[in-house]
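In: coords below, sequence missing:
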């Protein structure tokens, strides 16, 4: 019986957190570490992590338009420099879920 092997394709992702309200820079980085672990558990590798300080997350894009362009530019540049590693197709946003008692 012949055995076929399939090369595993690694999913790339970019992590983004907004520093706002009760979320300071230290806590945002903790959230990004947890999000990176969750992404890895789901089979994705986080290539980059970005943070942005805002009064509140943008309801449409989560981060500001300028930060969104920076993330896309970095992703494109990474693919240009390392064509064997395709650009990330997934952007993981740090969504804060709160317990409402």
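Out: Perfect, thanks for sending it. In this text, all values refer to a predicted model and were calculated from it rather than measured experimentally.

In: Give me the neighbour count for residue 16.
Out: Counted with other CB atoms under 10 Å, residues neighbouring residue 16 total 24. Heads up, the C-betas are built off the backbone N, CA and C, glycines and all.

In: Is residue 74 located within a helix, as I assumed?
Out: Yes: per DSSP: H, G, I helix; E, B strand; the rest coil, residue 74 lies within a helix segment.

In: doesn't residue 68 make contact with it?
Out: No: the pair formed by residue 74 and residue 68 falls short of the contact definition of CB atoms under 8 Å, at 11.0 Å.

In: Look at residue 87 and report its pLDDT.
Out: Residue 87 carries a pLDDT value of 63.

In: right, I mislabeled it, should have said residue 73
Out: 90.

In: quick one: it and residue 40, what's the gap?
Out: 25 Å (CB to CB, to the nearest Å).

In: ok, now residue 70?
Out: For residue 70, the distance to residue 40 - CB to CB - is 24 Å.

In: cool, residue 23 as well?
Out: 22 Å.

In: between the two, who's got more neighbours?
Out: Ranked by neighbour count (other CB under 10 Å), residue 23 and residue 40 place residue 23 first, with 18 against 12.

In: My read is that the more buried one contacts residue 30, right?
Out: No: judged on CB under 8 Å, residue 23 makes no contact with residue 30 at a distance of 9.6 Å.

In: ok, how many other residues are close to residue 81?
Out: So residue 81, with other CB under 10 Å, has 8 neighbours.

In: likewise residue 70?
Out: Residue 70 has 14 nearby residues by other CB under 10 Å.

In: Also residue 15?
Out: Other residues close to residue 15 by other CB under 10 Å number 26.

In: Point me to the helix or strand that includes the closest residue to it other than its chain neighbours.
Out: Leaving aside its sequence neighbours, residue 15 sits nearest to residue 49 (CB to CB, 6 or more residues apart in numbering; 4.3 Å). Assessed by DSSP states H and E, residue 49 sits inside strand 44-53.
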